[in-house]
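Enquirer: Here is my input, please return the structure:
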Amino acid sequence: MTNNQLDTIQLNFDSEAQWVLNIALGCVMFGIALEISPKDFKALFQKPKPILVGVFSQFILLPACTYVLVLIVQPMASLALGMSMVAACPGGNFSNFITHLSRGNTALSISLTAVATVLAVIMTPVNLQFWGALYAPSAAILKDIAVSPFEMVKIVALLLGIPLVLGMWINHLRPVLAKKIGKVLKTVSLWFFILLVMVALYQNKDVFLEYIFYIFWIVLAHNLVAFGTGYSISKGFGLSSRDTKSVTIETGIQNSGLGLLLIFTFFDGLGGMALIAAFWGIWHLISGLLLASFWGYGPSVNEKIA
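Expert: Next comes the predicted model:
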């Protein structure tokens, strides 16, 4: 298989499996939303600086830095577009847990997850279209497929917005029950979602194994850029140690599951895009846990390295 073929091949993932993936992601978001209340959004007014820095890092700086990385690496078109897709997504579902292990500001992490999820309804389609179109090879794919930003907004709203509102509503009515259900549902649905991604990769193992080393280095570099972006902007704006950890993790742990679903929905599982998003979804769990082990080692070490 040649590089050009990777830009045109579609991964094998049938519509029934895709619907299961949609439901799994919706359950993950619902589980997260059960632990979010309107007071988390009040942080925007009470202490806006960390929230604004986190949003700027996720939706402005990371896509821009991703574009610079694309220009440096010059990957094939579908891989570049996959990188733009991952960078356009909000923070991942695993970020709150990683922040807790890292002894970061978990409340800030939850607030950023909530705010980013709402903003993603608009920002994810806009960022994908804008940054993807700047790189000529990936711009050609966008032109050929002619993705409707409005249609993507509807899908993102369905996958993120509705579970978020429903979960917050239940949390408002029955906070104790919501917290109990949320802890279990978030964990079970997250691992079920990961299992589905692994199944998708296994079904396309020939393609994945052929390009694993090339894709691995691209995802590794991209993930390092994401963590570095969050850390640098946080330090640049003088955030506290705990807030810096939260913004760093929220920027480095992206909701690649959402990206994967959008790829299957609008790009027919385009090979390079899907492989980038799927492998990122596995790798950021590993890199996040490694970072949490480093930052959460002990009180003295924790303060020195933060």
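Enquirer: Now the longest helix anywhere in the chain: buried residues?
Expert: In the chain, with assignment by DSSP state H, the single longest helix is helix 205-236. Applying a neighbour-count criterion of 16 or more other CB atoms under 10 Å, the buried positions in helix 205-236 are 207-208, 211, 214-215, 218-219, 222-223, 225-227, 229-234. Backbone N, C-alpha and C define where each C-beta goes, glycine included.
Enquirer: That helix packs against which elements?
Expert: Contact analysis of helix 205-236 by 3 or more CB pairs under 8 Å, 6 or more residues apart in numbering; DSSP states H and E lists helix 48-56, helix 62-73, helix 77-88, helix 241-252, helix 271-295 as its packing neighbours.
Enquirer: for it, the distance to its chain's centre please.
Expert: Centre-to-centre, helix 205-236 and its host chain are 12 Å apart (CA atoms, centre = their mean, to the nearest Å).
Enquirer: hmm, back to that, pick the most buried one from the helices and strands packed on helix 205-236.
Expert: Burial among the helices and strands packed on helix 205-236, expressed as mean neighbours by mean count of other CB atoms under 10 Å, is greatest for helix 77-88, which shows a mean of 30.
Enquirer: In the stretch 1-150 of the chain, mark out all the strands, start to finish.
Expert: For the stretch 1-150 of the chain, none of the segments meets the definition of strands by DSSP state E, counting those that start in this stretch.
Enquirer: quick one: low-confidence parts of it?
Expert: 1-18, 21, 40-45, 93, 146-149 (pLDDT under 70).
Enquirer: make it 90
Expert: Residues of the stretch 1-150 of the chain meeting the criterion pLDDT under 90: 1-48, 76, 78, 90-122, 125, 139-150.
Enquirer: same thing with the stretch 151-300 of the chain?
Expert: Using pLDDT under 90 as the threshold, the predicted model of the stretch 151-300 of the chain has low-confidence ranges 151-216, 254-275, 277-286, 288-289, 292-294, 296-300.
Enquirer: hmm, try it at 70
Expert: Short version for the stretch 151-300 of the chain, where the test is pLDDT under 70: 186, 190, 193, 200-201, 298-300.
Enquirer: Compute the number of surrounding residues for the residue nearest to residue 95 when sequence neighbours are not counted.
Expert: In this structure, residue 95 finds its nearest non-sequential neighbour in residue 253, 4.1 Å apart by CB to CB, 6 or more residues apart in numbering. For residue 253, the number of neighbouring residues by other CB atoms under 10 Å comes to 29.
Enquirer: In contact with residue 253: list those residues for me.
Expert: Under the criterion of CB atoms under 8 Å, 6 or more residues apart in numbering, the contact list for residue 253 reads 91-92, 94-95, 98, 284, 288.
Enquirer: Would you mind measuring from residue 204 to residue 116?
Expert: Residue 204 sits 29 Å away from residue 116 when distances are taken as CB to CB, to the nearest Å.
Enquirer: wait, residue 276
Expert: For residue 276, the distance to residue 116 under the criterion CB to CB works out to 20 Å.
Enquirer: Can you lay out the helices and strands packed on helix 205-236 as TSV showing distance to residue 28?
Expert: Converted to TSV, the helices and strands packed on helix 205-236 look like this (distance: least, CB to CB, whole Å):
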stretch	distance to residue 28
helix 48-56	20
helix 62-73	21
helix 77-88	17
helix 241-252	16
helix 271-295	12
